[in-house]
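# Here is the input, now give the coordinates:
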Amino acid sequence: MKKQQREKSKKIMAYVILVIFIASLIPMIFGR
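From the prediction side, this is the model:
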């Protein structure tokens, strides 16, 4: 149970990083 919780939080962390990365790219795309 605890191991699965850690695996889930790791997946959430990766998703958050991906969202931040995309959010930082959007101004560059629309900033032309």
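
# Quick one: residues contacting Ile12.
Under the criterion of C-beta atoms under 8 Å, 6 or more residues apart in numbering, Ile12 has no contact partners. Backbone N, C-alpha and C define where each C-beta goes, glycine included.

# any idea of the mean pLDDT for the helix or strand hosting Ile26?
Element membership for Ile26 (DSSP states H and E) is helix 2-30. Helix 2-30 shows an average pLDDT of 92 in the prediction.

# Identify each buried residue in that helix, please.
For helix 2-30, burial by neighbour count (16 or more other C-beta atoms under 10 Å) applies to no residue.

# just how off-centre is that helix within its chain?
1 Å (C-alpha atoms, centre = their mean, to the nearest Å).

# Ok, stretch 22-32 next?
Taking mean C-alpha positions (C-alpha atoms, centre = their mean), stretch 22-32 and its chain are 16 Å apart.

# How much space separates Ile12 from Met28?
Distance, Ile12 to Met28, by C-beta to C-beta, to the nearest Å: 26 Å.

# wait, I meant Lys10
28 Å.

# likewise Lys2?
Lys2 is 40 Å from Met28, by C-beta to C-beta.

# Then Ile20?
Taking C-beta to C-beta, one finds Ile20 at 14 Å from Met28.

# Ok, Arg6 next?
Applying C-beta to C-beta to Arg6 and Met28 gives a distance of 34 Å.

# Lys8 now?
Lys8 is 31 Å from Met28, by C-beta to C-beta.

# cool, Phe21 as well?
With C-beta to C-beta as the criterion, Phe21 and Met28 are 11 Å apart.

# Then Ser9?
30 Å.

# now Gln5
Gln5 is 36 Å from Met28, by C-beta to C-beta.

# what does Tyr15 give?
21 Å.
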